[in-house]
Every structure is written in structure tokens, then in C-alpha cells.
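Student: Below are the sequence and a predicted model for it; my questions follow.
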Amino acid sequence: MATLVNPNLIDQVKQSDAFNAAACMNCGICTAVCPMGIEHLPRELFRYVLLGLEEDLLAHRDAVYSCLLCRLCEVNCPAEVHIAGNVRTLRHYLNQAVFHVKRMPRARKATTG
Amino acid sequence: MSQRRIGVYVCQCGGNISDYVDVERVASQAADNADVVIARTAMFTCSDATQADIAEDIRQHQLDGLVVASCSPKLHTLTFRGVAERAGLNPYQYTQVNLREQCSWAHTDDRKGATDKAVTLVEAGIGRTRLTEPLNPLVVDTMPKALVIGAGITGMRAAVGLADLGMEVYLVEKQATVGGWLKSMDTMYPAGKTPKEIIDQLDEQIHQRSNVTVFTEAEVVQKGGTFGNYVVKVALHRPTEQTISLNVGSIIVATGFDVYQPEIGQYGYGIDGVLTLPEFQDFLKTNPGPMVYHGRPVRTVSYIYCVGSREGREQPNAHTYCSRYCCTSTVHTALEVFKHDPGVHQYHLYRDVRTYGKYELLYSESREKGSLYLKFAADQPPAVERTGDQLKVTVNDLLTSRKELAIPSDLVVLVTGIIPRENDALVHALKLPVGKDGFYNEIHPKLRPVETVVDGVYIAGACQNPKTAGESAASALAAVTQSASILKKGKVQLDPQVAFIDASECTGCGACLKVCPYEAISAQSGDNGQSAYVVSEAICKGCGGCVPECPVEAIRVQGYTNAEIRAMIDGLLMEEVEQI
């Protein structure tokens, strides 16, 4: 059974913050250099978002949260995709839409500074 | 005949020949012929120094025949004909013998065998040279007028170019208006000019030039005459049916292309909402603002690439080539769609994206604006079906682990390619060379890209292969240059190695007539009232097809007479006999 493409997911993700993976050419350098060896991060994951395959995205949400945000993939990306930024945006989306996490209170932020 | 004075030069080709062939023995055995007055070897016969030596020998020894035994005649025949000519020897009394490809490279394991073969080949060359006669190039006058067939951007640009070089130009167009495909197209990359502006500009330039005559609703029906002075019959359909005759020195064919039309059912073609790329572009042009198709808003467009291009050989009449322009055209169209409505979702189902050169920027821009690209394998093409209100495109996306995806779409656009335009009547009238793919063929894709095997007939634009408007205009100007190179001088030189019929021996049987592919042979009544056939030297290409047909050996090709060929065979056989 074919998975249904859903154009609305990308629209929702984009609303939350800047998500841009359109320049990705699926070369796989990000996967090759990832120190965590996360197979699904980030190119396949971004494909799920772009195509609106929400179930696939949720099935691999561990990958989204396993990322170290080290940006090794980003500096090696030939298409200059802001991979780490996209991962943060995805986390934000999953926090809000799936886990219903509330925004951190501003006061908390002040104490950590 | 008094004894000939022949010079023989055996090339070492820097070891290419001399490593496997005993060139000294070849030269010395050549010298055994009484009429070979000089026989030498050289490290590189084609070098400037050796060419100068040969020229000096020709003058000093008053040579009347020259043999160079070196490489393929394709490489250096013209080189050594040039040496002969510079030294005052008729260039057609030169014979090239191929020792490199036919002896040394072919028989690296057999030095004696290669050398024996080289001796016989040189003997054959000497045998032919002994019988050569001086030939002089045929000079024909050229009419300073040109015919351009097809008034699209290619033909129009060619007409203006020829007119500016002072030629009289006839521009013949089948349709009622000039402009070809461009007049029906929307904006163009990169300047954003509309094609109509470009066509109007060219049309105005044509009208400003008094030496261009445009015939619309007209067709070329026949070509007669000879190279440099063709007589072309053109059927005019307006205002009344009539046929006119034009005398022209050159002809530029710019008849353009056709668009592939999918069969009903191919990728769902025929279902409401499944369009070809040109149909979609027409829809966009006539529907400004957010897209509404048959009353329904269009939020999602899926494109299927390579429809009618890059087809497998197993298909009957397959278009196996890449149409080259369609990726760019689709990407450009997708950007136009974003101008109508930036929120439209666009899915591009492609095999490979070939937006070469600066068009790559369009491809990047389309991705940045949100176009999504899904790659399908040639053996797993997407499927299109209608489910209720929407179309559904199913595809295995190679970029998403070959996952089978279903894309709900409001419109499906089939990216159709360029196909050759069928024009059998014109092909027949002009004897145009048609390639395997159905497009017209040039002589050489790089060195002679607009010339055809028919002298004075040039091809330009998309009748040759898929081209953009810019590339079509460039090829138009290439054809203009080639036309001008024969028309401006007022005369051209032709190869004298053509067929000749001895009228005293011709029995008038007409066997030769049937095989001539160039229609160079015609009947002429002789002095005694008996009809004989003659060859038009300006039309004949010297292919020799007629020679073996003649039952009485009345036909010979100058430079390749039966006597010369027999002498070559004798040369080859004589050495064989000696070896036994």
C-alpha cells in the first residue's frame, strides 16, 4: 500500500520556524560523516518532512533527538543545507505537535544565564 | 606513353611503422621499378622538413607521380596533395598507401609478413600512380541568392543574416504567419522577454530589408538544377494556387520540430486534469492569478518527466534520445506557477535532471521555492489514476528508499519531448539525409555541423536535433556563414573525381540511371541520333555506384578507373607470386 504524500506537514513545520531542505540533493555526505552513525539523520528524515510522511517521521523520532547538533554534516554539506537548524526546528515541531511541550518560562532562561 | 617519373616515400612514423615493418626493404624494392626514380624513407613524412624535401625532389627530378606510404588516407591525403600542388605536380597524381593501420599496427607479431604486405601495398600504389592523369577541379558559378525554408526563429534569423551579407533571400513558410513555435510560447529565460517580442523584432527587421521576400502558406515541392544554381519550385497556396520557380545558390532548411503527443492512457493521458507540458503552459498563459482548472482550485501539481524521451530500444519507434530542453522548460514553468500562487505544492517526478549550463540556477531556484523532486527508475514509471475529485500519482521514490508514495494531485503534467517533424515531401525533394532518430543529419557534428551531404543545402535549428531558441539562432548564423562562403565568391571548386561516361561506348541501356543516388545521370541524344547518358559533374559525388552496373564498361570514375584498379590488383598479386 502506497504511503500518502501530505503537503500540509511541511507547511506546518515551516510555520514553527525556518525549515529548509529543498536544496538537499540526497548525496548522503551527512550520513557518512555523522559521528553518531545515525542512519536516518538527516537526509531521509528531511524527505519525510518534505513529502509529509508523518508516520515515518514519528517512527524515527529517536534520530531527531539523538543528534548532537555538532554540525559536522552541515559544514560538509555541498548544498549548504542548514541541517542542525532544521533538526532544531523538527524538535520544536515534535515537542509542540506530538508531545505538547509548553515553551520554557522566560524566568528559567534568565537564571541559567 | 613515355616512361613515368615516380617518387616513393616510406614513412617510419617515428617507430609506429618502422618498429614492425622493414621500411628500408620496402623502399629498396619500390626502387626496383624502372619508373620509380626516387625512393626514400623518412622519420615523419608529414613533418614540415620532409614535406619541403619531397617538394624539392618533385621539382629537381621532375616527378610526374607521387606515392607516400604512411598512414590512413583519411589522415594525410590532403596534406600530400598539397605538397604536390605546391611543387607543381598535379595533386591527383598522388597516391597514399596505408602502412600504419594496415601493416604495422595490424601485424605486430610478424615483422616479415608485415614487411611483405607493405611491399605489395606500395607496389599497388605505384601501379595506380603509373596510370594517373592530371585532373583539374571543376569550377561552377554560384547564384548569389539563398532560399530559407521555415520561418521560425531559425529561418527568420538566417534570412536577416543572409540579407545583411548582401544576398537575395527567399523565406518560405508553410503556415499563414511567421514565428513558428515561439509565437505560441510564454515568457523566456533569462531576460523574461516574451517570444512574441523577439518574433516581432525579427519580423520588423525582415520587412526593413528589401532583399528578403517572404512567402507564407507556401511549400517547396521540387529541386532541380545543379550545385550553385538550384532551380526550386515553390507551391504558393495564397492568394491563388500557383507554382513559382526560384533560382538559388544555397538552401537553408529550418523546418523545426514537433512535440511528442502521448497516446491515450499513457500516464493517464486522456483523464481530465492530465495535460502535456505545452497544454499546461497554454493553460497558465490564459489563466492569470491563482490557478483554477475546470472550476476546481489547483493546489498541487505533479510533473512526470521524460514522457516520449529516453525510451527503451525494445519499444517500436522509440525516441531513445534525450530531448534536452524539457527539464529546463519544466523547471521554468514551475517558477512561473509560483508567480501565480506561491503556495502551490509542486512534485517533480524525474529520471535525471538535465538543466545544463546556466539553467542549473533555475533548478536551484525552483527547489528553494519549494518544488520537490522525486526520482523514479526507468523500469518503474509512475502511474496516474483518478480517485474521486483528485488525481493520484503513485511512484517508487529512489530518494526515499524506493518507498511507494501516492501523491494526491489536482493537475498532472506530462513533460513531453521534442520529436522530429515528419516532412517526407521535402526530404524527397531536397534529398535530405535523415538520421536514425528521424532528425536531419549534418556531415560532421563538430567540424561541419550545418552542412549536409547535398552540396549547398544546409540545416539549422531544431530540425537537426533538439535545441533552445538561442542555440537555434546560433546554428542559423552558422548556416548563413557557410552559405556566404560559397555565394560571396561567386564560384566554387568541386572534386574532379567524378563519373564520366564515354558517349562512343554507351549503349543507352540506362542501367546506371537506376542506381545513381544523386540523380546526376541524364539522357542526351548523341551526334548519330542514338541516345547516350551523360553525368552532370556538378551533381556527381564520385561514389562509383554506376561503374559496375555498366555492361560495356563505358563509365569510369576519374582517378579510380578500372585500369587503375586492375593495376593495383596486379601490384598486390605480383608480390604474392614471387613469394611462392
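Tutor: The structure has been received and is ready for your questions.
Student: Only C-alpha atoms from now on, for both contacts and neighbour counts.
Tutor: OK.
Student: okay, and for chain B, where does confidence drop off?
Tutor: Scanning chain B for pLDDT under 70 picks out the ranges B:1-2, B:526-530, B:575-580.
Student: May I have the phi/psi pair for the residue nearest to the spatial centre of it?
Tutor: Here the mean C-alpha position of chain B is nearest to the C-alpha of B:Glu442 (CA atoms, centre = their mean), at a distance of 0.7 Å. For B:Glu442, the backbone dihedrals (degrees, to the nearest 10) come out as phi -90, psi 170.
Student: which residues sit in contact with the most centrally placed residue in chain A?
Tutor: What sits nearest the mean C-alpha location of chain A, by CA atoms, centre = their mean, is A:Val87, with 3.2 Å. Contact analysis of A:Val87 by CA atoms under 8 Å, 6 or more residues apart in numbering or on different chains lists A:Pro42, A:Val64, A:Cys67, A:Leu69.
Student: which non-adjacent residue is nearest the residue of the stretch 201-350 of chain B found nearest chain A?
Tutor: Going by CA to the nearest CA, chain A is nearest to B:His345 of the stretch 201-350 of chain B, at 6.8 Å. Nearest residue to B:His345, sequence neighbours excluded (CA to CA, 6 or more residues apart in numbering or on different chains): B:Thr300, at 4.7 Å.
Student: From what I see, the one you found and B:Val413 are in contact.
Tutor: No - shown here, B:Thr300 and B:Val413 do not form a contact pair, counting by CA atoms under 8 Å, at 10.9 Å.
Student: on that earlier part again, in this structure the residue nearest to the centre of chain B contacts B:Val454, no?
Tutor: No - the criterion here is CA under 8 Å, and B:Glu442 misses it with B:Val454 at 9.9 Å.
Student: List, one by one, the residues from chain A near chain B.
Tutor: A:1-7, A:20, A:22-23, A:26, A:44, A:47-48, A:50-51 (CA under 8 Å from any CA of the partner chain).
Student: Out of these, grab the one that's most surrounded.
Tutor: When neighbours are taken as other CA atoms under 10 Å in any protein chain shown, the top entry among the residues of chain A next to chain B is A:Leu50 (26 neighbours).
Student: before we move on, which element is it in?
Tutor: Secondary structure from DSSP states H and E places A:Leu50 in helix A:43-51.
Student: Tell me the buried residues in stretch B:99-113?
Tutor: Neighbour-count burial for stretch B:99-113 flags B:Leu99, B:Arg100, B:Gln102, B:Cys103, B:Ser104, B:Trp105, B:His107, B:Arg111, B:Gly113 (criterion: 16 or more other CA atoms under 10 Å in any protein chain shown).
Student: Stretch B:204-221 now?
Tutor: Using 16+ other CA under 10 Å as the test for burial, stretch B:204-221 gives B:205-206, B:211-221.
Student: Next: stretch B:500-516.
Tutor: B:Phe500, B:Ile501, B:Ala503, B:Cys506, B:Thr507, B:Gly508, B:Gly510, B:Cys512, B:Leu513, B:Cys516.
Student: Ends of it, what's the gap?
Tutor: By CA to CA, to the nearest Å, the extent of stretch B:500-516 from end to end equals 13 Å.
Student: coming back round to it: neighbour count winner among B:Thr300 and B:Val413?
Tutor: B:Val413 (24 against 19).
Student: Which helix or strand contains the more buried one?
Tutor: B:Val413 belongs to strand B:411-416, assigned by DSSP H and E.
Student: Tell me which strands that strand pairs with, and in which orientation.
Tutor: Partner strands and pairing direction for strand B:411-416 (DSSP bridges) are strand B:274-276 (parallel), strand B:300-307 (parallel).
Student: right, so of the ones you listed, which gets closest to B:Asn90?
Tutor: strand B:300-307 (55.8 Å; CA to CA).
Student: Which stretches in the stretch 251-400 of chain B count as strands?
Tutor: B:257-259, B:274-276, B:292-293, B:296-297, B:300-307, B:345-350, B:372-375, B:383-387, B:390-397 (DSSP state E, counting those that start in this stretch).
Student: what helices or strands is the first one leaning on?
Tutor: Packing partners of strand B:257-259 (3 or more CA pairs under 8 Å, 6 or more residues apart in numbering or on different chains; DSSP states H and E): strand B:418-420.
Student: Remind me what the strand it packs on packs against, helices and strands.
Tutor: On a contact count with 3+ CA pairs under 8 Å, 6+ apart, strand B:418-420 meets strand B:257-259.
Student: The strand it packs on - which strands sit beside it in the sheet, and in what orientation?
Tutor: Applying DSSP bridges, one finds strand B:257-259 paired with strand B:418-420 (antiparallel).
Student: Mind listing residues that contact the partner strand?
Tutor: Residues contacting strand B:418-420 (CA under 8 Å, 6+ apart): B:256-260, B:309, B:319, B:323, B:437-439, B:463, B:465-466.
Student: Report the beta-bridge partners for B:Tyr373.
Tutor: Beta-bridge partners of B:Tyr373, counted by DSSP bridges, are B:His348.
Student: Please list all residues in contact with it.
Tutor: B:Tyr373 neighbours (CA under 8 Å, 6+ apart): B:Tyr347, B:His348, B:Leu349, B:Tyr350, B:Arg367.
Student: Take those residues and write them to CSV, including neighbour count.
Tutor: Listed next are the contacts of B:Tyr373 as CSV, based on neighbours: other CA atoms under 10 Å in any protein chain shown:
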residue, neighbour count
B:Tyr347, 23
B:His348, 22
B:Leu349, 25
B:Tyr350, 23
B:Arg367, 22
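Student: For stretch B:421-433, buried residues please.
Tutor: By neighbour count on 16+ other CA under 10 Å, the buried set for stretch B:421-433 is B:Arg421, B:Leu426, B:Leu430, B:Lys431, B:Leu432, B:Pro433.
Student: between those residues, which is nearest B:Gly82?
Tutor: Nearest member of the buried residues of stretch B:421-433 to B:Gly82, counting by CA to CA, is B:Pro433, at 30.6 Å.
Student: Quick check: the closest one touching B:Ile443?
Tutor: No - counting by CA under 8 Å, B:Ile443 is not a contact partner of B:Pro433; they are 9.4 Å apart.
Student: residues contacting A:Arg91?
Tutor: A:Val64, A:Tyr65.
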